[in-house]
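Visitor: Mind folding the following:
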Amino acid sequence: MFEKFLSFKKESAFNLLQRLFYIGIFPLFFSASWLGKYFAILSPMQIQVPAEQPGFYTFTTGPNVMKGIFVGGCVFIVSIVIWKIICQILLIILEGFESYTNRNNLD
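Guide: Here you go, the predicted model:
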């Protein structure tokens, strides 16, 4: 089994780039969550807290969680679209190389 893991077999460029795309989504998720957390802390919001006396309120600041989730989600979606475009460009290049080598091997 370990020998099969270390050996290479001929695969199409489509299968390789499809795997690369799915593997590349994980780092995008972590960077988007980090950026969302950064924006949540960067722009704090005031939270209304009841005071000790009834009818009075005081304010405290805390992270803006909704803004962090929104920014993180938007960054994740945009980065997936950019990553998909990069993978599609690589697929076009690798399919061109593949067809060129297949054509030259037949001659």
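Visitor: OK, contacts around the spatially most central residue of the chain?
Guide: Nearest to the mean C-alpha position of the chain, by CA atoms, centre = their mean, lies Leu28 at 2.3 Å. Under the criterion of CB atoms under 8 Å, 6 or more residues apart in numbering, the neighbours of Leu28 are Phe76, Ser79, Ile80, Trp83. Where you see a C-beta, it was placed from the backbone N, CA and C, and this is true even at glycine.
Visitor: show me where the protein has strands.
Guide: All strands of the chain, identified by DSSP state E, fall at 45-50, 57-62.
Visitor: Phe56 and Gly62, how far apart?
Guide: Per CB to CB, to the nearest Å, Phe56 is found 19 Å from Gly62.
Visitor: Now do the longest helix belonging to the chain and strand 45-50, the angle between them.
Guide: Using DSSP state H to define each element, the chain has its longest helix at helix 65-106. Orientation check (axes from the mean of the first three to the mean of the last three CA atoms, to 10 degrees): helix 65-106 against strand 45-50 gives 140 degrees.
Visitor: Now do helix 65-106: distance to the chain's middle.
Guide: For helix 65-106, the separation from the chain centroid amounts to 12 Å (computed by CA atoms, centre = their mean, to the nearest Å).
Visitor: tell me what it is packed against?
Guide: Helices and strands touching helix 65-106, as assessed by 3 or more CB pairs under 8 Å, 6 or more residues apart in numbering; DSSP states H and E, comprise helix 13-42.
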